[in-house]
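Visitor: The sequence and its predicted three-dimensional model are supplied below.
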Amino acid sequence: MADRFGAPMIVLAAVAFSLVAGAQNAPRINSGATTEQQATPHPGPVLLDGWGRPVTDALKPGEKPGPAPRHEISGIWEPARGPGDGIQANGPRDMPYDGKPEHDPPYTPLGLETLKSHKALFGYAAVLESLSNDPRNRCDPLGFPRADFYQIRHTQIMQDDRKVVILYEFEKRWRVIWADGRELPKEIPSPRYYGYSVGKWADDTTLVVDTIGTVGNEKIWLDETGRPASDAMHVEERFHRVDHDRLELTVTIDDPKMYTKPWVAVNKFPMRLQSPDYDVVEMMCIPSEEEQYYKDYGDQASGIDSKQSK
Amino acid sequence: MRGKFSVVFALAVGALIVSIPLFAHHGNAAFDVGKKVTLKGTVTEWVWANPHCWLKFDVKDDKGNVAHWVAETNNLADMIERGWSMRSFKPGDEVTVTVEPVKNGNPAGRVLQVVLPNGQTLGMAYLRTGQEH
């Protein structure tokens, strides 16, 4: 009996082993591509959406945008001046931390002290990553309002008769803005990374959003340069739909713990309407992929072993 | 005295260990900024992942020695905006890679452009604006 099955079993085992060994030795494409996907030739440098479909503009060439609809800002919006405009690595676009006094917000003594305690990777006082204490270095959420001031990319806005929901591409985060007439909570149930937001229409085309109740302290920074944001912060966002295809965002910071008076961080940041069938790319901070990045590349590039240095 | 010295020494070594620079995937400090190196090599892996995508390829010198290069690009959302995709490369592709190398001499760097086997060039400019930033 053993002889009857012994030889085939040995052959099967050898085949199985060779398959496994071959798979381990063979170069591989990462990220779970199927064989069929790998066999598909690269389509060339054309602009594709997350679904792999060619991107079509919402407006046809030469077409003029229609008027802004009333009380309606839903759609897929992207920085009108290109993807780079929303990254804002050196701080909010209209108040970059560039060493110019006119771009310094009006810090309180605590605000200035807190700013100095934040070791940022960008801005006027940028440090090396080894010295940085930016919460997002560990994949912590950006929180609000930093989500408006760093990596504004494709931004999906959805609304019904009670609320407006914003889906951010970066980190794949979302927040709800209640527009059902309620007031902001008088007592914050529990501080949130993205706070508590209510929205009211100031006119036919301008939604004014007030947000309080963010976590503050050391859990969130205001921007990529380490400017402070406390739990006493009140943020006003004005979403003004200029026409059917254009939305402008203005953000004002009022945080009496950190700043002596309100200041405008972003003034009429232009977003343009994307085609309604545009599929937004998935973009997240993933600790295990960060680890692989350091192992494959980061350590080689920096000449150290990140596992030992952590 | 010796005990105190040991403690101080241990703390100093500990501080050194924890402050060894992690590679800054959002900074410029590691790179020989402005330098360009063009390499002909064979793709071994194209990693389409966070926080940045990276390309691994082997480069053989005149004596037959093989250097295992690794070069990063950028986050995948930006790479899509630049016309790259998960299928831009497959293992075995013969490519010509231009990188900004790291300062430490290791075979690593930042991709500036790649010429594919079919002659097509993948660069770092956004397709929509033609700008790199």
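Guide: Sure, I can see it.

Visitor: make it CA atoms for all contacts and neighbour counts henceforth
Guide: Fine.

Visitor: So which bits of the stretch 51-200 of chain A are right by chain B?
Guide: A:Arg81, A:Gly82, A:Pro83, A:Gly84, A:Asp85, A:Leu121, A:Leu128, A:Glu129, A:Ser130, A:Leu131 (CA under 8 Å from any CA of the partner chain).

Visitor: ok, for the fifth one, nearest residue in space, not its chain neighbours?
Guide: Nearest non-adjacent residue to A:Asp85, counting by CA to CA, 6 or more residues apart in numbering or on different chains: A:Pro79, 6.3 Å away.

Visitor: For that neighbour, name its beta-bridge partners.
Guide: A:Pro79 forms beta bridges with A:Met271, as assigned by DSSP bridges.

Visitor: Run through the residues that contact A:Tyr193.
Guide: A:Pro141, A:Leu142, A:Gly143, A:Phe144, A:Thr214, A:Val215, A:Ile220 (CA atoms under 8 Å, 6 or more residues apart in numbering or on different chains).

Visitor: Report how many residues lie close to A:Pro54.
Guide: Neighbour count of A:Pro54, defined by other CA atoms under 10 Å in any protein chain shown: 12.

Visitor: Which single residue in the stretch 151-300 of chain A comes nearest to chain B?
Guide: A:Gly298 (5.1 Å; CA to the nearest CA).

Visitor: Using the three-state scheme, assign that residue.
Guide: When classified by DSSP: H, G, I helix; E, B strand; the rest coil, A:Gly298 comes out as helix.

Visitor: Just give me the neighbour total for it.
Guide: Residues near A:Gly298, counting by other CA under 10 Å: 26.

Visitor: which residue sits closest to whatever residue of chain A ends up closest to chain B, ignoring its sequence neighbours?
Guide: When scored by CA to the nearest CA, chain A has A:Pro45 as its residue closest to chain B, at 4.0 Å. Leaving aside its sequence neighbours, A:Pro45 sits nearest to B:Gly83 (CA to CA, 6+ apart; 4.0 Å).

Visitor: how about the one you found, what does it touch?
Guide: Contacts of B:Gly83 by CA under 8 Å, 6+ apart are A:Gly44, A:Pro45, A:Val46, A:Leu47, A:Leu48, B:Leu122, B:Tyr126, B:Leu127.

Visitor: Surely it is in a strand?
Guide: No - under the criterion used here (three-state DSSP), B:Gly83 is coil, not part of a strand.

Visitor: what's next to stretch A:69-80, contact-wise?
Guide: Against stretch A:69-80 from outside (CA under 8 Å, 6+ apart): A:85-86, A:152-159, A:201, A:204-207, A:239, A:241, A:243-244, A:247, A:269-276, A:278.

Visitor: and the residues you listed, which of them are in helices?
Guide: Under the assignment DSSP state H, these contribute nothing to helices.

Visitor: Verify the assumption that A:Val198 is located in a strand.
Guide: Yes - read with three-state DSSP, A:Val198 is one of the residues of a strand.

Visitor: How about it, nearest residue that isn't a chain neighbour?
Guide: What sits nearest to A:Val198 in space, not counting adjacent residues and going by CA to CA, 6+ apart, is A:Trp178, at 4.6 Å.

Visitor: these two touch, right, the one you found and A:Ile166?
Guide: No - taking contacts as CA atoms under 8 Å, A:Trp178 lies outside contact range of A:Ile166: 11.2 Å.

Visitor: Compare the two (neighbour count), which wins?
Guide: A:Trp178 (23 against 19).

Visitor: can you pull the contacts of that one?
Guide: A:Trp178 neighbours (CA under 8 Å, 6+ apart): A:Arg162, A:Lys163, A:Val164, A:Ser197, A:Val198, A:Gly199.

Visitor: how deep is the third one tucked in, by neighbour count?
Guide: By the other CA under 10 Å criterion, the neighbourhood of A:Val164 contains 24 residues.

Visitor: which ones are touching A:Thr250?
Guide: A:Glu237, A:Arg238, A:Phe239, A:Val264, A:Ala265, A:Val266, A:Asn267, A:Lys268, A:Phe269.

Visitor: redo that, cut-off 10 Å
Guide: A:148, A:208, A:236-240, A:264-270 (CA atoms under 10 Å, 6 or more residues apart in numbering or on different chains).

Visitor: can you redo the contacts of B:Gly83 as JSON lines with secondary structure and neighbour count?
Guide: What follows is the contacts of B:Gly83, written out as JSON lines (DSSP: H, G, I helix; E, B strand; the rest coil; neighbours: other CA atoms under 10 Å in any protein chain shown):
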{"residue": "A:Gly44", "secondary structure": "coil", "neighbour count": "14"}
{"residue": "A:Pro45", "secondary structure": "coil", "neighbour count": "18"}
{"residue": "A:Val46", "secondary structure": "coil", "neighbour count": "17"}
{"residue": "A:Leu47", "secondary structure": "coil", "neighbour count": "18"}
{"residue": "A:Leu48", "secondary structure": "strand", "neighbour count": "21"}
{"residue": "B:Leu122", "secondary structure": "strand", "neighbour count": "20"}
{"residue": "B:Tyr126", "secondary structure": "coil", "neighbour count": "20"}
{"residue": "B:Leu127", "secondary structure": "coil", "neighbour count": "18"}
